[in-house]
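Asks: Give the three-dimensional model of this entry:
(chains A and B)
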Amino acid sequence: MNIENETLKKKLISKNRMAENIFSKIFFLSALISIMSLIVIIVFVFAKGVPAILEIGLMDFVFGKLWRPSSNDFGILPMILGSIYATIGALLIGVPIGILTAVYISEIATKKIRRIIIPMVELLAGIPSVIYGFFGLIVIIPLIDKGFDNGGNSLLAAMIILGIMILPTIINISDASLRAVPKEYRENSLALGASKIQTIFGVVLPAAKSGVLTAVVLGLGRAIGETMAVILVAGNSPQIPNSIFDRFRSMTANIAIEMGYAFGLHQEALFATGVVLFVFIIILNLGLNLFIRKVGD
Amino acid sequence: MKMINKKVASVFLVGILTVGLFAGCDKAADNQTGEEYLSIVGSTSVTPVVTKLADAYMAKNDGVKIDVQGIGSSAGVKAAYDKSADVGMSSRNLKEEEKQWGLTETIIAYDGIAVSVHPSNATAKLTTDQVKDVFEGTITNWSEIGGKDEEIIVVSREDGSGTRGAFEGLVGLVAKDADGNKYSTLVEDALIADGNGAVKANIASKENAIGYLSFSYLDESVKTLSINDVKPLVGNIENGTYEISRPFLLLTNDAITNLANDFIEYILSDEGQSIVAEKLITVK
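Replies: This next block holds a predicted model:
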């Protein structure tokens, strides 16, 4: 009887191990798939884009001011600047509103209000970008056109739309990092006689600094990579914008608009635009992550 | 223990379902080969008329499926060349480079390109030179061409569009660089809209906009301008007085199918051409 029990126990343990093994393999496979996708994408984009950069010349490509595929002029400086300007504008609009909203829902709002706002912010995150673009096209562009008489399609329109689009990212992550600040910080600050607002800006926000900065970086990534919404409101003229009322074209829009029509060197130049965008985002991410680590400590 | 068994069982189940899914796909694909299939891709300007023709053709012939996709002239020419589609559509003549690809061109219709403005615009006519100056940015205010004192917003298409290529060629918005490459002299800050529909939407929503549209996209939301005192009408293209017109081409490669042949014959028949005649100029 006893011996039978022993063998049964052993059997069970070995079965257990087998299941463990199978599952760890499945997890590993899942991880492998995402890494492989990244590698395949990088290899493909670079393989298609780098030869074009070499043919056009890196300097002519990155610092060329003229984009005119019909005469083989492939300068993407207007698009690089367009993407940078639009992203900066989006951050100027989205970051203050986003962080203050996060402060409100994590520090000030009652539970009831919190329960209303958070699902709404999440809903904002779920709206497809083409809907944002459409909203810009029928609401924001006519407004700008009325106010400034420039046709409406402009850097300003893209900044506003992108500013709204990055709100959920900034709010959600800032909120999470604000809530992760230990209760004792607030209690101590209040006990020392600081007001609620002083506590928030003097103690809680600095303590959540690295999380809030991460939120800003992710928002930035979303803004610079956005395509559809930008195409609909930007006007897409391949020129360097001189003011926020000028039409402009982003790097992403350049690829999306012309890809269907391009072939030969033109098509490769679009992949090369993708390479520049890619490198750009990698540099930005690495740089900002380093910055966050330095500031966060 | 029981739980783990359940988990293992569920993994197997998912596996079986996945396999089943693919098996299902196979079956669906098998069923499709039962009917004849034709893929036509290319110019967004040609798409509306070919879609109409395809609908009429499919109504007459059972077991035929024609798929029409508007992705642009250059892409259409390329698709016919690399055989990723059965038939390509182009709304411009082939470029030198493309002519060497050995494609068969069939003209199925002629189309006009109408210079269009917002319905509230007071300007009614322009000369070809004025059109050129407007799109090159030499004329920048409507008051210079009989309108209000407002800045002109030029709306154009993306580089590579057949409508843009044809329009620029016909109006003279092209120059040659030192290497002999032709390039577009369109004003740099022109608003670029992708597709005829987007151009129309931009013109219809901006009082100071000017753009150009394929005849098949015209409706009351935009106002067309007379060019050199000739109205952009089908009749005026037929009698040769309206000059901004171009051919619609279907392109086929050497692997042309019977169905493609038959469909093109149908387009060129009296019945097909009567559909063409609704908005375009028939082939004579």
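Asks: Now for B:Ile152, how many residues are close by?
Replies: 23 (other CB atoms under 10 Å in any protein chain shown). Where C-beta positions appear, they are placed from N, C-alpha and C, glycine not excepted.
Asks: just checking, it touches B:Asp133?
Replies: No - with the criterion set as CB atoms under 8 Å, B:Ile152 and B:Asp133 do not qualify as a contacting pair; they are 10.2 Å apart.
Asks: Overlap in contacts, the two.
Replies: Common neighbours of B:Ile152 and B:Asp133 (criterion: CB atoms under 8 Å, 6 or more residues apart in numbering or on different chains): B:Ile139.
Asks: Geometric centre of chain B: which residue is closest?
Replies: Most central in chain B under CA atoms, centre = their mean is B:Thr44, positioned 2.1 Å from the mean C-alpha point.
Asks: quick one, what contacts it?
Replies: Contact analysis of B:Thr44 by CB under 8 Å, 6+ apart lists B:Gly70, B:Ile71, B:Gly72, B:Ser161, B:Thr163, B:Gly195, B:Asn196, B:Gly197.
Asks: I'd like the residues you listed laid out as a markdown table, including neighbour count.
Replies: Conversion of those to a markdown table gives the following (neighbours: other CB atoms under 10 Å in any protein chain shown):
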| residue | neighbour count |
| --- | --- |
| B:Gly70 | 23 |
| B:Ile71 | 20 |
| B:Gly72 | 31 |
| B:Ser161 | 30 |
| B:Thr163 | 27 |
| B:Gly195 | 20 |
| B:Asn196 | 26 |
| B:Gly197 | 13 |
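Asks: what subset of those residues is also close to chain A?
Replies: B:Ile71, B:Gly72, B:Ser161 (CB under 8 Å from any CB of the partner chain).
Asks: contacting residues for the last one?
Replies: Residues in contact with B:Ser161, defined by CB under 8 Å, 6+ apart, are A:Tyr261, B:Thr44, B:Gly72, B:Ser73.
Asks: for those, which one is nearest B:Ala124?
Replies: B:Thr44 (27.8 Å; CB to CB).
Asks: residue contacts, the residue lying closest to the closest one once chain neighbours are set aside?
Replies: Computed as CB to CB, 6 or more residues apart in numbering or on different chains, the closest residue to B:Thr44 that is not its neighbour in sequence is B:Gly70, at 3.8 Å. Residues in contact with B:Gly70 (CB under 8 Å, 6+ apart) are B:Val41, B:Gly42, B:Ser43, B:Thr44, B:Val46, B:Thr47, B:Met89, B:Gly195.
Asks: Could you count how many residues lie near residue 276?
Replies: Going with chain A. A:Val276: 19 surrounding residues under other CB under 10 Å.
Asks: actually chain B
Replies: Residues contacting B:Val276 under the criterion other CB under 10 Å number 23.
Asks: Tell me the bridge partners for the closest residue to it other than its chain neighbours.
Replies: Taking CB to CB, 6+ apart, and ignoring the residues beside it in sequence, B:Val276 has B:Ala109 as its nearest neighbour in space, at 4.6 Å. Bridge pairing for B:Ala109 (DSSP bridges) gives the partners B:Phe248.
Asks: quick one: B:Ala109 and B:Ile275 touch, right?
Replies: No - counting by CB under 8 Å, B:Ala109 does not reach B:Ile275; the two are 9.6 Å apart.
Asks: Please enumerate the strands of the stretch 101-250 of chain B.
Replies: With strands called from DSSP state E, counting those that start in this stretch, the stretch 101-250 of chain B shows them at B:104-117, B:125-126, B:153-157, B:174-176, B:182-184, B:191-193, B:209-214, B:223-224, B:226-227, B:245-252.
Asks: Count residues in the vicinity of A:Asn289, would you?
Replies: When neighbours are counted by other CB under 10 Å, A:Asn289 registers 14.
Asks: contacts for stretch A:213-226?
Replies: Applying CB under 8 Å, 6+ apart, the contact partners of stretch A:213-226 are A:83, A:86-87, A:90-91, A:94-95, A:98-99, A:102, A:129, A:162, A:165-166, A:169-174, A:177, A:250, A:252, A:277, A:280-281, A:284-285, A:288-289, A:291-292, A:295-296.
Asks: List the buried residues for the helix or strand hosting A:Thr87?
Replies: Element membership for A:Thr87, per DSSP states H and E: helix A:77-103. Residues A:77-83, A:85-87, A:89-91, A:93-95, A:97-99, A:101-103 are the ones in helix A:77-103 that count as buried (16 or more other CB atoms under 10 Å in any protein chain shown).
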